[in-house]
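task: produce atomic coordinates for the following.
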Amino acid sequence: MTLKRRQRLTTDKNFVMDKKVKDSFTNFNSKLGLGTDNQLSGSYYSLNNMISRNHVELEACYRSSWLVGATVDYIAEDMTKCGVTFQTEMEPDDVQKMQVSISQHAIWECFCDTIKWARLYGGAIAVILIDGAKYDTPLEIEKVGEDKFQGLLVLDRWMIQPSFDLLIKEMGKDLGMPEFYQVIPAATGIPLLKVHHSRVLRFDGIKLPYYQKVAENLWGLSVVERMLDRLMAYDSASLGAAQLIYKAYLRVIQVEGFRDALSTGGKEEQAVIKQFQYMRQMQSIEGITLLDAKDTFATHVYNFSGVSDLLMQFGQQISGATEIPLVRLFGQSPAGLSSTGEADLRNYYDAINKKQENQLRPKLDKLFKIISMSTLGKSLPEDFEFTFNPLWQMNDSEKSNITTTDAASIGNVFGAGLISKEVALKELLQQSRLTGRFTNITEKDITKAKEEDENKVPLSMSEEKPLEEKAPELQEEQQEPEEIPKEESLSEEMKTPEMEKNNTKDRISFRDIKDKWLAAKKIVRNNLFKDAEGKSNTEMKRLLLITNKERGVKEGESDYEFHKEILLSSLPNKTDDK
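Have a look, this model is predicted:
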């Protein structure tokens, strides 16, 4: 709500009068600001120019103005020109069949046309054509038969009549929208179908508030309506500049008695006219200007400085109104040192990607399910996803840098054993879609790598190198035990006869322990890593070398306790060897 206050104004006749003013900057003495007595206060916005309701004028703009055509076409073409990439574990043949079906039915071209007419008229639909379908009934995707999908039928808002008396009442994104669309008889050559909304892919122009949307029969706003005033200003400026070219070089001739000759008429007037005709003829042929001795001749050259800046300013306003940068709309780079328009294009492509995600993705999700049922005879897998291919195209140098960096990273991770050969090839194949490198990697190569990974013997289990080199953690256990350290000797005066006796007993105990340890190591070497037939027991080696997480070490259990259980369970059941 706009608040108003009363301002007391004192005139020269010393009486006070009240005047209502708006809450904004104003200066009544200088007549500045809205609400004061100036020309600016007479300006306001109105709903008089609702061009979205006049499709004939919109079509005239589209046909005659290249700026209107570019505004309508460029965004629609950019949204659909690069297609999508499937990300799924589907069979390559199935993916190829879906892509062929998309190409045969000209899906991207139909989407492009639908978006174009939605931007021009404020709305358009694409009817999903199913062979033998009842179009006034809801679409059940699971019941679409093989080879029943016949493509899309594009209809703009003036070719159909929404059902205003039957609106969608189910909760969801379509709540309050028309339930049916009736093709009008004026659409020559198109069957008079009554189409259920589930069989329609609908696109709107610029979104409108509720009451304005109702006024537009639940459609959106044409993009031309918002830019029409800027378009007229630009065309007027450019046409005015073109008219100035005819006045760029003016020639002035002063002829003595010229007015008297015209007033007299007859031979004198004819003589003056003949003089100018002869002069123009000689200037064209010989470049000679013939004058009487008393006549004068002068030229005036028009100065066009500032016209180009004015046109540029109007062009920038057009660019802002259409949300298309100058480098894309006019094909010119912005002024300034090192200005290439790259940043503007990147921002524009980000905006296009946002439109793709918001407007195209829901429609494509539905359409790809229908194409899968029609082409493959089955539903899409749960892991099916797709991404829009980027509009920004990298040059060869950028592709080479990305390829080198990614290949080195994948190689390092593979060399460290963190990923398998199969995963490494998949990563390279995924990067090939972006860089164009490693495109010769096939699904057969990935399958072969998977088999190699499954049959590959871990490095520690291989017999190509001694176990000491492959598993340094076992090297200590396989080596002969170090000599048991002897007790430090005491000075003679500190020793007692009883201590001498105990020391002798302790030395005997140490020797017994050493002998038993050597015997145990011998049993381990002879039995632990060999099976009953005397062959190498690689499974036992693997159990000793795998990580704690894989081998199931209990929380708080030491490696020694875990290995001890393995050793004891593997030793022969002989009492004398324990």
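
and the strands in the stretch 351-500 of the chain?
385-388 (DSSP state E, counting those that start in this stretch).

please, where are all the helices along it?
With DSSP state H, counting those that start in this stretch as the criterion, the stretch 351-500 of the chain has helices at 361-375, 396-415, 421-435, 443-455, 467-470, 472-478, 497-523.

repeat for the stretch 151-300 of the chain
For the stretch 151-300 of the chain, the helices defined by DSSP H, counting those that start in this stretch cover 210-215, 223-245, 258-264, 266-285.

so for residue 314, which of the ones you listed sits nearest?
The closest of those to residue 314 is helix 223-245. By Cβ to Cβ, the value is 4.2 Å. Using the backbone N, CA and C atoms, a C-beta is placed for each residue, glycine as well.

for the residue positioned nearest the centre of the chain, give me its contacts.
Residue closest to the mean C-alpha point of the chain, counted by Cα atoms, centre = their mean, is residue 353 at 3.6 Å. Contacts here follow Cβ atoms under 8 Å, 6 or more residues apart in numbering; on that basis residue 353 touches 388, 390, 391.

got the contact list for the second one?
Taking Cβ under 8 Å, 6+ apart, we find residue 390 in contact with 82, 349, 353.

contacts for stretch 135-149?
Against stretch 135-149 from outside (Cβ under 8 Å, 6+ apart): 101, 105, 127-133, 180, 193-196, 198-199, 366, 369-371, 373-375, 377, 379.

what residues of it count as buried?
For stretch 135-149, the neighbour count (16 or more other Cβ atoms under 10 Å) marks 135, 139, 141, 144, 148, 149 as buried.

give me the neighbour count for residue 171.
7 (other Cβ atoms under 10 Å).

again but with residue 428, I slipped
Residue 428 has 21 nearby residues by other Cβ under 10 Å.

and it, how far is that from residue 385?
Applying Cβ to Cβ, to the nearest Å, the value for residue 428 to residue 385 is 20 Å.

residue 299 touches residue 249, doesn't it?
Yes - counting by Cβ atoms under 8 Å, residue 299 touches residue 249, with 6.7 Å between them.

list the contacts for the closest residue to residue 237 other than its chain neighbours?
In this structure, residue 237 finds its nearest non-sequential neighbour in residue 314, 5.2 Å apart by Cβ to Cβ, 6 or more residues apart in numbering. Taking Cβ under 8 Å, 6+ apart, we find residue 314 in contact with 230, 233, 234, 237, 238.

ranking by neighbours, what's the top pick from the residues you listed?
Going by other Cβ under 10 Å, residue 234 tops the contacts of residue 314 with 22 neighbours.

and stretch 61-69, which residues are buried?
61, 62, 65, 67, 68.

in a helix, that's where the fourth one is, yeah?
Yes - using DSSP: H, G, I helix; E, B strand; the rest coil, the secondary structure at residue 67 is a helix.

re earlier: distance to residue 454 and pLDDT added to the buried residues of stretch 61-69, as CSV?
Below are the buried residues of stretch 61-69 laid out as CSV (distance: Cβ to Cβ, whole Å; pLDDT from 0 to 100):
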residue, distance to residue 454, pLDDT
61, 65, 93
62, 61, 94
65, 65, 91
67, 62, 92
68, 62, 93
